[in-house]
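**Student:** sequence unknown, structure follows:
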């Protein structure tokens, strides 16, 4: 995780404009998708040189990729309902998700 990251893996967030809740499952130190994706999806033109977050969206089956400036801390501390949660996270405790330990082969 980058020193400039305001959020961390396992943290609950809300989208500042769209209001959905979610949990962060991966952090990119800068924008890492294609120029085409940025042009189509990033309508507010958020900075590419700041952290971007992969998010499991609550009450959905999709994920999102969100710029740091578009996220705020989720005030509810309630679990997220998403089919990917159990695959990525081991447990939910005190409003935070803990990653599953990956075993090296």
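**Tutor:** Thanks, I have it. What you see is a predicted model, and the numbers here were worked out from it, not measured in a lab. Numbering: from 1, shown residues only.
**Student:** Just give me the neighbour total for the closest residue in space to residue 89 that isn't next to it in sequence.
**Tutor:** In this structure, residue 89 finds its nearest non-sequential neighbour in residue 97, 4.2 Å apart by C-beta to C-beta, 6 or more residues apart in numbering. (Each C-beta comes from the backbone N, C-alpha and C, glycine too.) If you count neighbours by other C-beta atoms under 10 Å, residue 97 ends up with 22.
**Student:** Hmm, residue 87 and residue 97 touching each other?
**Tutor:** No: look at residue 97 against residue 87 with C-beta atoms under 8 Å: they stay out of range, at 11.8 Å.
**Student:** Next SSE downstream of the helix of greatest length in the chain?
**Tutor:** Criterion DSSP state H: the longest helix present in the chain is helix 35-41. For helix 35-41, the following helix or strand on the C-terminal side (DSSP states H and E) is strand 52-57.
**Student:** Ignoring the adjacent residues along the chain, who's closest to residue 15?
**Tutor:** Using C-beta to C-beta, 6+ apart, the nearest residue to residue 15 is residue 70, at 5.9 Å.
**Student:** mind checking the longest strand of this structure?
**Tutor:** strand 21-28 (DSSP state E).
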